[in-house]
Each structure stands twice: as C-alpha cells, then as structure tokens.
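Visitor: Prediction below, plus the sequence it came from.
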Amino acid sequence: MSSYGSYRQLRLTPQRSGVSKALAKDSPLWRLDWILLLAGLALSAGSSMLVWSATRGRDNLTHGDPQYFLYRHLTNFVIGLVLCAVVIGIGARRVRTLVPFVYVGVIVLLLATLSPVGSTVNGAHSWIQLGGGFSVQPAEFAKIAILLAMAVVLSDQVDAGEREVPSHRAVFRGLFWACLPMGLVLLMPDAGSVMVMSAVVLGILLGSGAANRWVLGILALGVGGSIAIWKLGLLSQYQIDRFAAFANPQLDPNGVGYNTAQARIAIGSGGLTGKGLFHGTQTVGQFVPEQQTDFVFTVAGEELGFVGALAIIALVGVILWRACRIARQATDLYGTIVAAGIIAWFSFQAFENIGMCLGIMPVAGIPLPFVSYGGSSMFAVWIGIGLLQAVRSQRPVAA
Amino acid sequence: MSNIPETGRTRRVTIRLVVLQILVLSLLATLGGRLWYLQIRNAKEYTAKATGNHIREVVEPAVRGEILDASGRILAGNETRLVVSVSRTSLLQQKDGGKAVLGRLAEVLGMPAKDVQEKVRLCDAKTPQPCWNGSPYQPIPVTKEATTQQAMQIMERREDFPGITAQPTAVRRYTGAEGANMAQVLGYLSPVTDDEVSKTADKTGLDRYLPADQIGRAGLESVYDRDLRGTAGITKLEVDNLGRVIGNAGTVAPQTGNNLVTSIDARVQKVVEDNLAQAMSNARNTFDKVTNRNYEADSGAAVVMDVHTGRIIAMASAPTYDPNLWVGGISGKDYQSLTSKDSNFPLLNRAIQGQSAPGSTFKVVSTTAAVQAGYSLDGTYPCPKAMTIGGREFKNFESESFGSISLEKALEVSCDTVFYGLAYDQWMKDGGIKPKKDAADWFFKTAHEFGLGAKTGIDLPSEVPGRVPDRQWKQSFYDNNKDAWCAQAQKGGNSFSDQIAKENCVDGYQMRAGDAVNYAIGQGDTLVTPVQMARIYSALANGGTFYRPTIAKAVISPSGDLVREIAPHADAKFPGDQKLLSYIDQATAGVITSGTAAWKFNGWPQDKIALHAKTGTAEVEGKQTTSWLDTYSKDYAVVMTISQGGTGSGGSGDAIRRIYQALYGVDDKGNIDNGKALLPAPQADLPKFNPDGTAIIKPAAYTVDPAQGSVAQAPAPAAAPAFAPAPALTPVPALAPAAAPAPSDAAAAVAWDASATFLDPAPPAGSPAPYTAVDTALEPTNRQGRGRA
C-alpha cells in the first residue's frame, strides 16, 4: 500500500506529468507531421528485412553472422531517428543560426576525405574509416550543408522583408556555396552524389522563386555540358558503354550490363506477389551485386513482388507529398527552400535508384533513401526528415 | 499580431511548388508503370530467365538398352569404364589456361602432354584431328580406359586437378558374340551436337537431346534409338552467381533403355560373315580371263532371310570394321580409315546400300513377266547361240545353243537368247521404237511388282531403292544428261563413248530394242540390292508373299517384359499364280541339281533339304563382273553378291553351300546331323528373360522331324527328255551337265577358314578341274550383246 501512497503523492505534485505534457495542445508532438514520420518509419523498418534477406548468405561480407547487416542496419536506423529528434529539438530557427558551423564542418570532413585519412571504396575516394567497421561518407552530409547554406543565403533578404524574391546576387552567392562542396565531391570522384546535389540546387532555385533564367540557365548548363562532354570525346567508349548499358546490357555484359540485367531478372521474376521473403532465387543466389545498398529495391521486387515494390514507391510518394505540403505551408522562405531542397533530394535519389533497378535510368551509385543499407545515407535522410518536421513545427498551432 | 503568419511566399513560389509536386508525382508514376511492365506484363519471360540463372541441370546418362540376337545373346551391350574428362570451362578460369593441370594429368595417365592438350582443344577448320568437336561446355573425355589407381590419384588430389573428373561410366560394347561382327547392322553411337541440343531444347522426354547424350547414328542403334536410349537422369541444382551449389531442386533418376531382340542368330551371322570373307578371298586368288588379272572382289554382301516372316537371320557386308572404334568418341585416324576413299567405305551396309545389276538372277522376274504377258509355261522357246536384234548380234554365253527349250530349262541353264526373244517380242508389241501410249511393259511392270526400284522398308537407315530402268526413268535420265551428251558430241571425237554420246544426244530417251532385251536378262541399267533379292527369293519360297524385311523382333523392358513386338508385315503378293510358282520352284531346284550351280552342290541331300538357286553374273562398265547367287530352301533365302567377284556360282557357290550346311547340320558328304545344325528351323519364340532382365540363353534344343527335314518334292528322276517342254509340277529333268563336272566343294576351298569346323578339311579324291576355267564356263557374260543395239 505504501507504494500506492507514493504514487498518489507523485500524482499530487503541482507539476504536470511528462505524459500529459506531451499530450498537451501546445506540445511539440502535436506539431509533428505524423503521416510523414510513419511513412519514413515504415520504409526504414521494412527495409531491414530486405537488407537482411540480401546479406544473410553473403558470408564474405557478414563474417559468418547472417544477422550482421540486419543489426547494423537497425543501429543506423535508430541513430538516424535520434539525429532526427535532435534536429526537431533544436528547431528550425536555431538550425538557421548553426548553418555556418555545419557548412564549415562538412567542408573540413570533405577535405579530410580527400586527404590520406579518407579511403577508397568502389573506385571513389569518398569514405572515412572510423574503425570498428564503421565509416562515414561525408558526401551524404554535404547534401544537407548545401541545402542549408543555400536556404540561408537565398531567403535572407526575402525573410527580412527586403525583397519579394532572391536577388541575382543572392542566387549567385548561393550557387557559390553550393559549388564548393560539389567540387570537392567531384574530386573524389563521386559523380552520383554530385548529380544528387545538382538536383538539390535545382529544387532550391525552383522553391526560392529565383528568376526563371537561373533555373533555365542551370538546366541549360547541365544539358549543354553533357553534350559538350559527349561531343568533345572526353569520355572513352568504355565510359559511354557503361553509361548506356542500362538500356542495352550487352554494351558492358560483365560490368554494369550484368548488374542491370540481373536486377531486371530479379524484379521481373517476382511477379504480382513475389517469391516470398528469403525465397528469391536471384537474391539467395546472390546474382545481383550491391544488393543491400544500391540494388536493395530488387529484393523487394523479387521477394515481395509488384505489391511490395509498389508499396515502397507509394511510401516514398507519401513522404514527398507531405514534404510538398510542408514546403507550401512553411512560415518563411527559408522553410520553403529547405523543404523544396529535400523534395528534390529524396525524389531524385528515389527515381534514379529505383529507375536504375528497373532499367530505365543509368546505373549510378546512389542509395535509395530510408531503404538502402548505409549509415551516412540513413543518418542524412533522417536529418532531412528532422528538418522537415522542424520547418513544420514553426507553424502556429491550428486554431 | 494576427494568427495568420507571413508565409514569405510569392505567387511564383507557389506555382513552382505545384510544378515540383506534379513533377515528383509523374516520376513516381513512371516508376510504377515500369514496375508493372516488368513484373506483371513480362513476368513469364523474367521467371524463365531467373530459372535459367540459378538452375543447373546435371545430366546422368541412362544406360543404353542392349541389342540381343534371337536367342538373347548380347550383340551390343555395355561395360563400365573409368572415363577421365576435362572441363574446358574450368580450365579457362585458370591463369595459364589449364596448361599446368593438363601437364599433371598427362603425367598421371602416362600420356604425352601434347596428346592431352590436343584432345581438349576445340575443332575448327584449321585444327586437325585430334580435337574435340562436341560442346565446349561438356566434359571432354581424355581417356576412357583409366585404371582405378589413376582415377584415385586424380580424385584424391582435387586441388591439383581442378576441372578434371574420373568416374565410372557405362560405355557401349559391341560384344562380337559368337565371333559375329555385324558392324553395319548394329551401327554406332556418337555424341549429340550443340545444334541438336539447342534445336530440341524446348522439347521433353526422348525428343530432347541432352548434352551428354550418345545417340544412334547408323544401323539398329539409329532406327531403334528411342527404344534403346532410355531417359537420362536430371538433377536440378540451385547455384549461386559463382556457380556454387546452394540447393537441390529435384532429381529424376535415369531410366535404363529397353532391350531390342533381333532375329539375327549370332552363330549363323558368324558363319555368313566368314563365308563371305572366304568367298572374296578365294575370288582374289581366281584368274579372270576377261580382264587378264585376278578378281578384285572389292566388296560383297550376304543376307539370310526367314522366308516365312521376312526376318533377317544374318546380314553381312564386306569390307567391314570394328564397331568398337566408335565407343567413347572415334579418333581422327580411325575415322579417316573408315571414310577415306582408300577405305572402300566399310561403313556402308552393302546388303541394303550396295546395288548392282542382278544379272541372270533377274530371270525369275523375266519368267514371271513372260507368263504374265501370255507366254505359255508349256511352250518351248528357241535358244539359239545368238540373236540379231536392232542390227546387233546378241550372243549366248560362249555361243551355246540348246535348241528349242521350255522356260524352266531356260531358267535352269540361264539361256539368254530365250529371254532376248521374249523381250524383243514384247518390245515390238508395245510399239517398238515408237511406243504405244498404253504400252503393256510387262517386263518393267513385273519388276515393280517384285518390289524392285523401291526400298524394301527394312528397319535399317539409308536403304537405297535400286532402279528399274523403265521408260519413265529413261526419259528423266535423258533430261538430266542430255546437255552433257550433246556437249561431248559437239566436240566431235571418235571414241566409243563419243559415238554413244552422239546417239544419246539425239534420242537417248528412247527405249531401244537393245535396252529391252538386255534388261530382260538382268543387265544394263537395272540396279538391285541384296536385300531386295532376298525378299524376292523368299516370296518364291513361301508361296508368293513379299514380306517387309525386318531385323528387330521385339522391344523388351529392362526387367524382361515385352514392350512391343515387331510383327512380320506382308507388303505384296507374287503377281503370278501358284502354278508359276511351282514351275519356278522346280527350275531353281534344277539349277542346284543340274544347272549352273550344280557343280557347287555335288552330294547335297536335295531329297531331304531341297535347295533352289539362280546364279547371276552382272556386267559392270569398266569393271569385272559382279557375282550373284540367290538361293532358298523351304525356310531360308540366302543371297550373296560379290563385286568384281566373278560368276554367280564360282564366286559364291561354296560359301552359300556352307551356310546351308551350317544351318541344317549337313556335312560335306551330305549327311545330316541335327545336333550340329545351327538353326534347322527359324526361331519363332522370343528368348526368355530372368527377373533382372538378362536373357536365359540355352543352346536351342531343336528336334527336327526327319519328315520335315526333307522337302515334299520328289527327288529328281533320271529319265526325262532333255529339251522337251516340261509340264509344270513334273519332276525336274536331270540334265547332262552342260559343262564339265565341277570340283568338289572342299577342293575349291583350299584356304577355308578353320572356324568352319563342321567341314571336313581333307581334300577329296580325284583331280579337280582348273577352278577358273570351270568358273567362267558356267555363266554367260554376254559381253558381245552389251551396249547399244
């Protein structure tokens, strides 16, 4: 009975309990976009099964522990959630003040990566080994740095009420801050990440209301640059074949062509409902390379079928839909730009990654947000979710 | 302050956000559409690809069924050998292309390293034998005769021998039961080609060839391949991307093929083969007066047929070869030796693929044709020494004349001029050089009715039809050769062939009198095969039924149960009546007792075992004559032919007699010992089988009724007018031999094969007449009559 008494004692304290505090009308929890959060949680949690399925037989990678990647993936997921919560806790306005530190920190990391501290994986010098089997890929965080830096520079005058749209000077400065990390990533060389960053820049220019000529100019630069590279013969036939192999696997039958052909076989053979988790012959037989990272979507396609794969696309759709809503409802241009950048980031990565698995996009080392195995990517996208939630939380409580 | 916040968004930003949202949605819709396309619309295609990706079929060849003789003796069986094979795929994965591994392998096998390397290289236009002409993905056999020790060395040092396997494999073995060779009848196996494998990939069961399959390419192995082959076992292994086995998706055990029981009697086959070889060897020691050199006897064939069923008891073709050369893949050298021009093509089964003019053995056809055309069996026909037809003289052999004789006599003494006269008469009736539209063509029609010019349908592959040179053939031959003849004629040469070309160019399509009369005695453009003649003489023996020749009798399951019986099949009936058959029966018996073959059948117990025969000596342009001897008893038809072998009786008389002696257990003096008879009556029953599928072979305990051993026909009485018209069914007149008495069998067979132990090797008393002189004296050659009228 004494314990009962003590409980009542607690109950009688004037301070509100944690629970009632959290449930109060002005609680930050009410301000969260739960649909967005649940969609992200569903994707990341579900992806752990896919990563597990893809890796449990890869003894050369798992060191004999079939759950090796499952545990690590879940660990990454939890860390990602923590980072997300931290960002929400900091809040959009205070994040804005921290942007210079984030930016400088990322630049330092990128430089460190390029230095002998960094290490090379799959031909790109884009990793820093932390020991204990952990490593970071600073390019993932560079996406956030670009996003935030550009948002700050472009929204500064507008949010201060000085202008309706960002000035050319502001746009120019924003592009400058974007180009610095992009250049460093290009040196690694990690063209895939640079493509994602370009998409982010484009999304930001769109969302910021910058003059059309900037948007069109960037697009023209991209298209013109590609044509120039093509025409000037800067690429070897091998590189061109590698690029085109997604359409015709015969161009690079032992390299990219093999990946893309096997990925298509895995997905195509899944049919409507798939072969069942852990029962995909392509997955069990390890016919698809990099299946837990870049080609993780093929596991869903093969083992969960059209239903499962479409569910992933739908969840990505839900996240992007909520992000668009947040962008539209943001209280300031800064918030809109952050949200627009994140939309461009997530949608480009999702489209490129899934499109590559389906054989309609060139093969590039770009992970599928929330799903692919990989700590840095997982952390980055959950920080992205945190930023979206922070932007949304700025909104006043609905009356 | 209002609750409504400053959004800081201009209209432009709002529009752009809508655009961004639409863009994002359309991208996702694109992904969804593509996903549907791959997973729903093309699911089947990709499912098939996924299966092909991760399923590897390991084929375990079925043990091939055996080919048995009529008593169950194994003619083609299997034996287990240790086959060492090399996988090219894994050799190529090694740094040096497998050179080191092959070197070690050569050392273990005790072979030169070069030999091993050559065996595993792939054949192409530039690579000479030895090389591998099978699939590069199929293990390539390096040796099929590894010892257990060698196999152990290889299998125990797996790491030293990647891609090398040594495993016991059932390989074909042609047993040579009872010493019989039978190479052309049995045929041979060879591995399927890549092409065959890929062409049948979408089929199932026996229609599908698997990479390890050996399939029958010739002979019985080919015709009954589907019965013999069995079903290969397939283990479906699940493999990963590196080909490592990660699971088993089902195993189907191999099923042993069915056994084939044939009507061949291995012992009779041996006797026939030996006698054919001996006859050819004798011919090579016989001088040919026409060409002034010994007979070449380059090839020959012999057939023993059961006259009541058409079943083949024995079938020999010379030259022959060792069928085991094909086992485990034939070497380049061996293949060359079997197929080069110098080899004289031992792969050919001359009993069904060798064709030549039938010579006088054709006269049974001509006699039937004459009777069909209305000439009386009771009539007599002039047999002058020569006839002038179409301004050209057609002579009897050695210008012999027999006066006016019956058709029976004409057959017996092989009088050509009788048949010239009949054929010329018919030719004139049909309109001569300007034929009537509805020309009766009795002689051609009858030949077709006897099944000439058409395949007999024997259950062996690549049979040739022979040829009846009728008007239709003449025309098509002219159409095909006209240009060449006319071109030769244009050159204006004066040689004999130029002359012929000139005439042929003008009217080579015409059936001339010379063609017609030459045809009637089995010379000219007519071509027949030994099996066709065996079928005809069988029909004469059995009362007029032309049976389809068969070798297989039944298909028996591996456990000894009957799967399918191959029943005798009657194709046609003798066109004449029974009277004519009896007439021919007597005439052909007369050939044995007093006619052209009599000198080879001295002392034959004709009263107990009546034989009938017709000799033939076919002319071949530019070569020595082809010897034909077509015979029958009440049970068997025995036919032998030897190319460039001399006359019918001279070339094959001894051999045929010895075959009958062996069949009926007759010794040289004519005594019958049933205990020594190999096959006094054809074996009707199938062999009995043990529960494990092996045949129960016991020496056939034949009890031959003495009454059955003799023929119904009475022995020939001595008194009969020599040249009187012989009424049908009267006893055969005993003619005074036309030529000097022939030497006895044993004397002629100086170098007789010792294996024919039932023969008394002692030479008989008395001095034999010179062999060659008698030989040529007995058969008309009609050299003068040959050519164009």
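Guide: Arrived safely, thanks for sending. Numbers count the residues shown, from 1 in each chain, chains lettered A, B, ... in the order given.
Visitor: Now for the residue in chain B positioned nearest to chain A: which residues touch it?
Guide: Using C-beta to the nearest C-beta, the single residue of chain B nearest to chain A is B:Y46, 2.6 Å away. For glycine as for every other residue, the C-beta is placed from the backbone atoms N, C-alpha and C. By C-beta atoms under 8 Å, 6 or more residues apart in numbering or on different chains, B:Y46 lies in contact with A:R264, A:I265, A:I267, A:G268, A:S269, B:L38, B:Q39.
Visitor: By neighbour count, which of the residues you listed wins?
Guide: Neighbour counts for the contacts of B:Y46 peak at A:I267, which has 34 neighbours (criterion: other C-beta atoms under 10 Å in any protein chain shown).
Visitor: Quick one: distance of the longest strand seen in chain B to the chain centre.
Guide: The longest strand of chain B (DSSP state E) is strand B:74-86. Relative to the centre of its chain, strand B:74-86 is centred 25 Å away, using C-alpha atoms, centre = their mean, to the nearest Å.
Visitor: again with stretch A:231-248
Guide: For stretch A:231-248, the distance to the chain centre is 27 Å (C-alpha atoms, centre = their mean).
Visitor: average pLDDT for it?
Guide: The predicted model gives stretch A:231-248 an average pLDDT of 80.
Visitor: Where do the helices of the stretch 51-200 of chain A begin and end?
Guide: A:59-62, A:68-90, A:92-114, A:138-159, A:168-187, A:191-208 (DSSP state H, counting those that start in this stretch).
Visitor: Confidence-wise, which of the ones you listed is weakest overall?
Guide: helix A:59-62 (a mean of 81).
Visitor: hmm, it touching chain B?
Guide: No: Helix A:59-62 does not reach chain B (C-beta under 8 Å from any C-beta of the partner chain); its nearest approach is 10.4 Å.
Visitor: show me the contacts for the residue in chain A positioned nearest to chain B.
Guide: Relative to chain B, the nearest point of chain A is A:G268 (2.6 Å; C-beta to the nearest C-beta). A:G268 makes contacts with A:G301, B:L38, B:Q39, B:N42, B:A43, B:E45, B:Y46, B:T47, B:K49, B:A50, as judged by C-beta under 8 Å, 6+ apart.
Visitor: Need the nearest residue in space to it, chain neighbours excluded.
Guide: B:Y46 (2.6 Å; C-beta to C-beta, 6 or more residues apart in numbering or on different chains).
Visitor: Buried residues, the helix or strand that contains that neighbour. List them.
Guide: Secondary structure assignment for B:Y46, by DSSP states H and E: helix B:43-54. By 16 or more other C-beta atoms under 10 Å in any protein chain shown, the buried positions in helix B:43-54 come out as B:A43, B:Y46, B:T47, B:K49, B:A50, B:N53, B:H54.
Visitor: One more: stretch A:126-139?
Guide: Those would be A:S126, A:W127, A:I128, A:S135, A:V136, A:Q137, A:P138, A:A139, for stretch A:126-139 by 16+ other C-beta under 10 Å.
Visitor: Those residues: which two are farthest apart?
Guide: Using C-beta to C-beta, the pair of these lying farthest apart is A:S135 and A:A139, separated by 12.3 Å.
Visitor: what is in contact with these two at once?
Guide: Counting by C-beta under 8 Å, 6+ apart, nothing touches both A:S135 and A:A139.
Visitor: Contacts only, for A:Q292.
Guide: A:L50, A:V51, A:A54, A:T55, A:R58, A:F69, A:V299, A:S372, A:Y373.
Visitor: actually B:S222, not the one I wrote
Guide: Listed by C-beta under 8 Å, 6+ apart, the contact set of B:S222 reads B:G187, B:I215, B:G216, B:P461.
Visitor: What parts of the stretch 101-250 of chain A come near chain B?
Guide: By C-beta under 8 Å from any C-beta, the residues of the stretch 101-250 of chain A that approach chain B are A:S155, A:V158, A:D159, A:E164, A:V165, A:G203, A:L206, A:G207, A:S208, A:G209.
Visitor: Select only the buried ones of these in PyMOL?
Guide: Buried subset of these, written as a PyMOL selection, criterion 16+ other C-beta under 10 Å:
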select buried, chain A and resi 155+158+159+165+203+206+207+208+209
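Visitor: now, the most widely separated pair of the residues of the stretch 101-250 of chain A next to chain B?
Guide: Spatially, the most separated pair among these is A:E164 and A:G203, at 20.0 Å (C-beta to C-beta).
Visitor: B:I234: what's it in contact with?
Guide: Per C-beta under 8 Å, 6+ apart, neighbours of B:I234: B:E57, B:V58, B:V59, B:E60, B:L210, B:T251, B:V252.
Visitor: which phi and psi does it have?
Guide: phi -130, psi 120 (degrees, to the nearest 10).
Visitor: can you pull the pLDDT of it?
Guide: 78.
Visitor: Then the one 5 residues further on?
Guide: Predicted confidence (pLDDT) for B:V239: 76.
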